[in-house]
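**Q** For reference, the sequence and a predicted model appear below.
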Amino acid sequence: MPVSGESNNVSPESQSKVLTVGEQRVRVNFNTNNDEAVGHLKVKAAELIDICETLKSSDPRLASLAQTSFEEGAMWAVKAATSFKK
């Protein structure tokens, strides 16, 4: 179920936007450094999670497992995108 967006370095317009399930799970509005790669990763992961939400009528368990995997993948990808190069 969509919820109102949380704010962190986002425009007033996006603060009042109702977030999708995917946007909520990946915290699409939470990007403290306004990193372009982080934003892109989160948007794409949210899209995949939202697609899986439509599959829950077919097989809720598998759709939920896929959503969790995309959420976890987004976390690792954001970590990779924000890691310091050695």
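**A** Looks like it arrived, so ask away. Bear in mind that the values here come from a model prediction, so they are computed numbers and not experimental data.

**Q** dump the residue contacts of the residue nearest the centre of the chain.
**A** Note on the chain: the residue nearest the mean C-alpha position is Val26, at 2.8 Å, using CA atoms, centre = their mean. Applying CB atoms under 8 Å, 6 or more residues apart in numbering, we find Val26 in contact with Lys42, Ala45, Ala46, Ile49, Glu71, Ala74. C-beta: built from backbone N, CA, C; applies to glycine.

**Q** Quick check: the gap between the closest residue to Val43 other than its chain neighbours and Lys79.
**A** Spatial nearest neighbour of Val43, chain neighbours left out: Val28 (6.4 Å); criterion: CB to CB, 6 or more residues apart in numbering. Distance of Val28 to Lys79, computed by CB to CB, to the nearest Å: 16 Å.

**Q** same check, this time on Lys17
**A** Using CB to CB, Lys17 is found at 26 Å from Lys79.

**Q** List phi and psi for Leu19.
**A** phi -80, psi 150 (degrees, to the nearest 10).
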